[in-house]
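Colleague: Build me a structure from this.
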Amino acid sequence: MHTQLHHVTLDRLTARRIENEQHAINVARELADRFALTASKRDSERLLPFAELDALSQSGLLGITVPEEYGGLDVSNSVLAEVTAILSEADGSIGQIPQNHFYILEALRTDGTEEQKRFYFDRALAGDRFGNALSERDTKTVGHYNTRITRDGIGYRVNGRKYYSTGVLFANWITIFALDERERLVMAFVPNGTQGVEIIDDWDGFGQRVTGSGTTVLNNVYVHADSVVHHQKGFERPTTIGSVGQIIHAGIDLGIARAAFAETLDFVRTKSRPWTNSGVDNASDDPLTIARIGQIAIRLEAATAMVERAGRKVDAAQVDTTEEKVVEATLAVAAAKVLTTEIALEATNTLFELAGTASVKVDLNLDRHWRNARTHTLHDPVRWKYHVVGNYHLNGVIPPKSGAL
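Modeller: Residues are numbered from 1 along each chain as shown. Model (predicted):
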């Protein structure tokens, strides 16, 4: 092992320490209150949230999944998902940015060396942000990679081009996913600003507009040997890597759905007019509107409960990482992701259905909730989650080991 992990001098503010799970929830709510005030303006003018991400770093929330033996709080996955939902309700883009950060920390917990864990977990506790250089365009599937990592003396060189690099613009560390000479997937950590790394702010999606999900070009980037984690190992045996990543995605969708529901309630109460034939004076007294509101509220409650239950299943699998426990977690998280996807789309559509024509005014920017939901829910097709769950129950087929499950 080459002692290169400390080759970077980092001079940044130290993050506060989160004392317990309720403290984490409270801090998330405090940040959310601030982020919500300018979320619409950020979206409409595409103002990248550098200051907001600095506040998130200094809050201590980015270190809440660090295991206790490395100085962290190791919050439950239900709390992790709820923190994500709280931030996403305030701003769907900001809620999404740390998803890869926490996925990377889980992969590190599962497959990193002791030295790697000590170093990178310490950086997370200090407030460092880990961004991803994962997905690529023009490959056979989203699970294929052209980016390569090859030996160069005692280290490595990485060459490739990534797209959908969520959060990389704001990252202190860029985590590059590449194939080695034996076609094994690895994660390679390099500090942002490393020679040969070019980050292009070219994300032009109609939703999640300020996630910094642009292109990352890797031109002969040097990587120290002890900055490489063999990520492939995480999918050669039962692990919770995919479940942790997916329950955070569920939290994002849940938060967006809550935001749309809150906007619906406010608009119907204060601005909407009743339908001509309703026989009521206020839109909020329309019995059909009331029933539809109840329907969304019930489905939001069900989705929230499912996320909480799935979180407990993931917790159990992290403690006792057997195939049985991991499969239980995988199936529960898949169910949660299906429900949160569906309620995010339903709640954002219902906002306009019940609020009426006045709600489509450009200056209100209420469509950002639908755009965020529609964009984010495209990450993992839920039709395949139905298939995975059904195939297990009907045919006993174990779910594939994947970061998307």
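
Colleague: How is the chain divided into domains?
Modeller: Per automatic domain parsing, the structural domains of the chain span 21-129, 148-232, 237-395.

Colleague: Give me the average confidence score over the second one.
Modeller: Spelled out, that is domain 148-232. Domain 148-232 carries an average pLDDT of 95.

Colleague: Repeat that for stretch 346-361.
Modeller: 96.

Colleague: In it, which residues are buried?
Modeller: 346-352, 354-356, 359 (16 or more other CB atoms under 10 Å). Using the backbone N, CA and C atoms, a C-beta is placed for each residue, glycine as well.

Colleague: circling back to that earlier point, would you mind saying which of the domains of the chain lies nearest Thr139?
Modeller: domain 148-232 (10.0 Å; CB to CB).

Colleague: and Asp367, what does it touch?
Modeller: 352, 360 (CB atoms under 8 Å, 6 or more residues apart in numbering).

Colleague: if we go to 10 Å?
Modeller: Shown in contact with Asp367 (CB atoms under 10 Å, 6 or more residues apart in numbering): 43-44, 206-207, 348, 351-352, 359-361, 374.

Colleague: what's the helix or strand for the residue nearest the centre of the chain?
Modeller: Note on the chain: the residue nearest the mean C-alpha position is Gln99, at 2.6 Å, using CA atoms, centre = their mean. In the assignment (DSSP states H and E), Gln99 maps to helix 98-111.

Colleague: That helix: how far from the chain's middle?
Modeller: Centroid separation for helix 98-111 versus its chain: 11 Å, with CA atoms, centre = their mean, to the nearest Å.

Colleague: then that helix to CSV, C-alphas only?
Modeller: Extracted C-alpha coordinates of helix 98-111, given in CSV (Å, rounded to 0.1, in the frame of the first residue of the first chain):
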residue,chain,number,x,y,z
PRO,A,98,-25.9,14.3,-2.4
GLN,A,99,-27.4,11.0,-3.7
ASN,A,100,-24.2,10.0,-5.3
HIS,A,101,-22.2,11.2,-2.3
PHE,A,102,-24.0,8.8,0.0
TYR,A,103,-23.9,6.0,-2.6
ILE,A,104,-20.2,6.4,-2.8
LEU,A,105,-19.8,6.3,1.0
GLU,A,106,-21.8,3.1,1.2
ALA,A,107,-19.6,1.5,-1.5
LEU,A,108,-16.6,2.6,0.4
ARG,A,109,-18.0,1.1,3.6
THR,A,110,-18.6,-2.1,1.8
ASP,A,111,-15.4,-2.5,-0.3
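
Colleague: Gln232 and Ile241, how far apart?
Modeller: 11 Å (CB to CB, to the nearest Å).

Colleague: again with Val280
Modeller: 52 Å.

Colleague: Compare these two (neighbour count), which wins?
Modeller: Set Val280 next to Ile241 and count neighbours by other CB atoms under 10 Å: Ile241 wins out with 23 against 13.

Colleague: what do Gln232 and Ile241 both touch?
Modeller: Joint contacts of Gln232 and Ile241 (CB under 10 Å, 6+ apart) are Asp111.

Colleague: Contacts only, for the residue lying farthest from the centre of the chain.
Modeller: Farthest-out residue of the chain from its mean C-alpha position, per CA atoms, centre = their mean: Gly279, at 45.0 Å. Counting by CB under 10 Å, 6+ apart, Gly279 touches 285-287.
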